[in-house]
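**Student:** predicted structure and sequence below. I'll ask about it afterward.
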Amino acid sequence: MSIGKADRNYARRDGAAVKKTEMFYPQLLGEVFIVNSPSWVNTFYTFVRSFLPRRVKGKITLMSPRERPQDLKLFLRYISKEDLPERFGGNNKEWPLACAGTLF
């Protein structure tokens, strides 16, 4: 076995591993919520969305809970209304949370 052949085999296996990682990385991510974004973000995402795979599109949600009540319902599946800051449609008046600095 020559060193040149070993290098080609390594490169082929490495390339296959990178391709699999790129393909499955979005699946490692649960969901992304973009909350109260400026209008230009919505416009940009509308344009970019057409180029994204269906499985990635399903994981990105642009929401505005104060303007659309259905967005608040979706948000409340992941966080209680008492813990959600007022600016996102919740009841929590304290922001940032007092414990945030001690937890991270």
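**Tutor:** Sure, I can see it. Numbering: from 1, shown residues only.

**Student:** and the residue nearest the centre of the chain, what does it touch?
**Tutor:** The residue lying closest to the centre of the chain (Cα atoms, centre = their mean) is V32, at 2.8 Å. Counting by Cβ atoms under 8 Å, 6 or more residues apart in numbering, V32 touches 59-61. C-betas here are computed from N, CA, C, even on glycine.

**Student:** can you pick the most crowded of these?
**Tutor:** I60 (16 neighbours; other Cβ atoms under 10 Å).

**Student:** for that one, give me the pLDDT.
**Tutor:** Here, the pLDDT recorded for I60 equals 86.

**Student:** now do the buried residues in stretch 61-77.
**Tutor:** For stretch 61-77, a neighbour-count test (16 or more other Cβ atoms under 10 Å) marks 62-63, 65, 71-72, 75 as buried.

**Student:** hmm, who's touching that stretch?
**Tutor:** The contact list for stretch 61-77 (Cβ under 8 Å, 6+ apart) reads 31-37, 41-42, 45, 84, 87-89.

**Student:** C-terminal to the helix or strand that contains F47, what's the next element?
**Tutor:** Following DSSP states H and E, one finds F47 within helix 39-49. Using DSSP H and E, the helix or strand that follows helix 39-49 towards the C-terminus is helix 54-57.

**Student:** the strands in the protein, which residues?
**Tutor:** Secondary structure of the chain (DSSP state E): strands at 32-35, 60-63.

**Student:** export those strands to JSON lines and append columns for distance to I79.
**Tutor:** As requested, the strands of the chain are arranged in JSON lines below (distance: least, Cβ to Cβ, whole Å):
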{"stretch": "strand 32-35", "distance to I79": "10"}
{"stretch": "strand 60-63", "distance to I79": "12"}
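
**Student:** average model confidence for stretch 31-39?
**Tutor:** Rounded mean pLDDT across stretch 31-39 is 84.

**Student:** that stretch: end-to-end distance?
**Tutor:** One end of stretch 31-39 sits 21 Å from the other (Cα to Cα, to the nearest Å).

**Student:** in it, what counts as buried?
**Tutor:** 33, 35.

**Student:** and that stretch, how far out from the chain middle?
**Tutor:** Stretch 31-39 has its C-alpha centroid displaced from the chain centroid by 10 Å (Cα atoms, centre = their mean, to the nearest Å).
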